[in-house]
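Trainee: No letters, just coordinates:
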DNA sequence: CGGATTTGGGGTCAAGCGCAACAAATACCG
DNA sequence: CGGTATTTGTTGCGCTTGACCCCAAATCCG
């Protein structure tokens, strides 16, 4: 691999990347704003934009009527024809979407399955959706790659699914499988980590450089870290697995139940049980929790919030983030009393670390994972718009 | 702040920084090796090195007799006259050293005090050492700045010591104080975080990009993180405070004692107590531990190791480092049975996360903090050798 | 002692960005 | 409604800087 950093070509590519990255993240921007944001010269930005246009990555539009003095600046927007295919296999369904580099979702299919999806089946479904879209509604699109959000441990180096407990995948080279089935470059990531990426770039964590994201799923608690504005993968890509932590006990709380790991104690199943639901999606659980006010429910909610607070404190002490984002059932749990959770964290964590901290609920909806998956599919293109 | 990234000037400065950084970290290097390491052209490296020489930052030496075919390549070494002053105030003494950009320690003073050192006193001692050295033994040196390793929470943005529990400093603008006393640019960091930096660059963590460092001090447990090869400060710079974490309990262990925070349970004081020492430095404790084999001592050691293992697991699950480095009394504790600690972590942490993990004992000795402190003093120069 | 090999040195080349002057498009003001 | 101020695109030039090429130097090996 030639190390282009430090050469002129490298500068040029980085500048292209910077410009494309800005319009990708912020949406349409005037060239004037781009010059301000990049710190480059007007003429430089002009030539970079022209090059991106020629590459088919951006389009220039008529200037916005801005009601300001001066010559209006053309607006440069991401070319909506540039797409990635985002995939999220789950136990009961596989969701496949075509996501534009402008953030828009052009197509979306949720394919319910009555059995656990196999890797081959997943790849087939992706390839078939790709074929249908390519010859049908998205005929003039340019599909640059596939991104998969997998509920399990994903080795970053080669896109191997080490272990996905609920899909019962283990040591599955899903990246290679999907690449051969579709012929498209493919990227794979852990679902919760990609949720963190999505919330960081487009959701509750916009503009925040140090963030912890915790997602409560049906089967456990995962998460992702953003440090210095960069997603943290760790040495192999397994970072963010909060669920298996032992959070310790809150001295004020009940000592009985704290022998287990976080996701044993703070769990969707326990909440469903205490409100008397058998199955139920997130809105159903939220509604049931809001309706119920029996002491048993309140106790369980408070117990889980206490344990969650302790786990958050551990993360806050070590990482000193400025924001914690909660998604999934952790969001519904926290929303019952966000203030109490914040107070509990402030009490237990180091005062200095918690004073700049806010806790928020995830802003992106059910498309969060697809957006995150598309992001890693776009990553190469965004990092080096000219490729190779 | 002008954003020079992306301009040619920026490239040049980054290239200078890259070359200087390599000789700083690796010691004397031949120009041929530098071209290989930077990926730049031979002629480019030649001109960069010439510029660094002119700046008085590096010196070129006669080629090493290398016994290899070909024209010998001149060796470029960091100029040993470039120094930083490293300072470490503690409860009973202030250590001040002059550290070369080549890593050598040119001078070192440990000034014992019979009372808690005040910020003003610390600054005075630094200024006086600076004056004596500047007019005496280090007359021809170029002192580029001061770095302080403070045992407490340090706000990164302005070098304010938020709270140093053992020094009883609170909201002390130590950076400004030392800057006015010495007239030198000053950087401040948390002692354990700087220990992590030192071990990462020159010690047990050389070449490791994802590392967790935990330091057991007389008064608590601190630490530092290296993620993607970069020290993690968090939003305000308080990251790495493992001591206040609640590590949870090992189900196999004693549940009684786990209500407290990590540094209550895993502590030097408890070890001293169980071996029957009143005070004692690290070697004394290590010797006493090695000598004693009463059941009480073994039990306490094992108990602390179990709790430490759980705390490490939490960090390993979340950060997926490839290395954990233990310093201070945690090193002596772990050295009693490093294998057992590794096994305990492997058992409790996620299998995938722990399989690429090794646990090591800190390699740098008592100069670790001084090296780390010097590093932040050199940081500006290394990042931009031309300054401003 | 001469050929092979590796590397430094100097001159030239080319690429890319900043800069400045000019042109264009808009708002503001009388 | 027209002139002026303001902002920004456009164009051409120049400067900086790293790459490239060729030759010289230094070492090893036969």
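Mentor: Sure, I can see it. Predicted model only: the values in this text are computed from it and were never measured. Numbers count the residues shown, from 1 in each chain, chains lettered A, B, ... in the order given.
Trainee: Where do the helices of the stretch 51-200 of chain A begin and end?
Mentor: Using DSSP state H, counting those that start in this stretch, the helices assigned to the stretch 51-200 of chain A run over residues A:119-135, A:174-182, A:191-202.
Trainee: Using JSON lines, lay out those together with mean neighbour count.
Mentor: Placement of C-beta: from N, CA and C, glycine included. JSON lines is the format used below for those (neighbours: other C-beta atoms under 10 Å in any protein chain shown):
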{"stretch": "helix A:119-135", "mean neighbour count": "18"}
{"stretch": "helix A:174-182", "mean neighbour count": "20"}
{"stretch": "helix A:191-202", "mean neighbour count": "27"}
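Trainee: Please name whichever of those is nearest to DNA strand D.
Mentor: Closest of the helices of the stretch 51-200 of chain A to DNA strand D is helix A:191-202, at 25.1 Å (criterion: C-beta to the nearest atom of the strand).
Trainee: quick one: is the closest one near chain B?
Mentor: No - judged by C-beta under 8 Å from any C-beta of the partner chain, helix A:191-202 and chain B are separated, with a smallest distance of 10.7 Å.
Trainee: Starting from the helix or strand following that helix, tell me which strands it pairs with and how they run.
Mentor: Counting by DSSP states H and E, the next helix or strand C-terminal to helix A:191-202 is strand A:211-217. Using DSSP bridges, strand A:211-217 pairs in its sheet with strand A:220-227 (antiparallel), strand A:323-328 (parallel).
Trainee: and the longest one, what's its mean pLDDT?
Mentor: Here the mean pLDDT over strand A:220-227 is 96, rounded to a whole number.
Trainee: contacts for that strand?
Mentor: Strand A:220-227 has contacts (C-beta atoms under 8 Å, 6 or more residues apart in numbering or on different chains) with A:151, A:165, A:190-197, A:200, A:205, A:208-215, A:231-232, A:239-243, A:262-263, A:266-267, A:319, A:321, A:330, B:227-228, B:232, B:234, B:318-319.
Trainee: domains in chain A, as residue ranges please.
Mentor: If you go by automatic domain parsing, the domain ranges for chain A are A:8-78, A:82-194+A:368-383, A:206-363.
Trainee: ok so, going back, just the buried members of the contacts of strand A:220-227?
Mentor: Buried by 16 or more other C-beta atoms under 10 Å in any protein chain shown: A:151, A:190-197, A:200, A:205, A:208-215, A:231-232, A:239-243, A:262-263, A:266-267, A:319, A:321, A:330, B:227, B:232, B:234, B:318-319, out of these.
Trainee: Just give me how far stretch A:375-388 sits from the chain centre.
Mentor: 17 Å (C-alpha atoms, centre = their mean, to the nearest Å).
Trainee: Tell me, how many residues neighbour the closest residue to residue A:77 other than its chain neighbours?
Mentor: Leaving aside its chain neighbours, residue A:77 sits nearest to residue A:28 (3.8 Å; criterion: C-beta to C-beta, 6 or more residues apart in numbering or on different chains). Per other C-beta atoms under 10 Å in any protein chain shown, the neighbour tally for residue A:28 reads 16.
Trainee: Same question for the one 4 residues further on.
Mentor: For residue A:32, the count of nearby residues is 19 (other C-beta under 10 Å).
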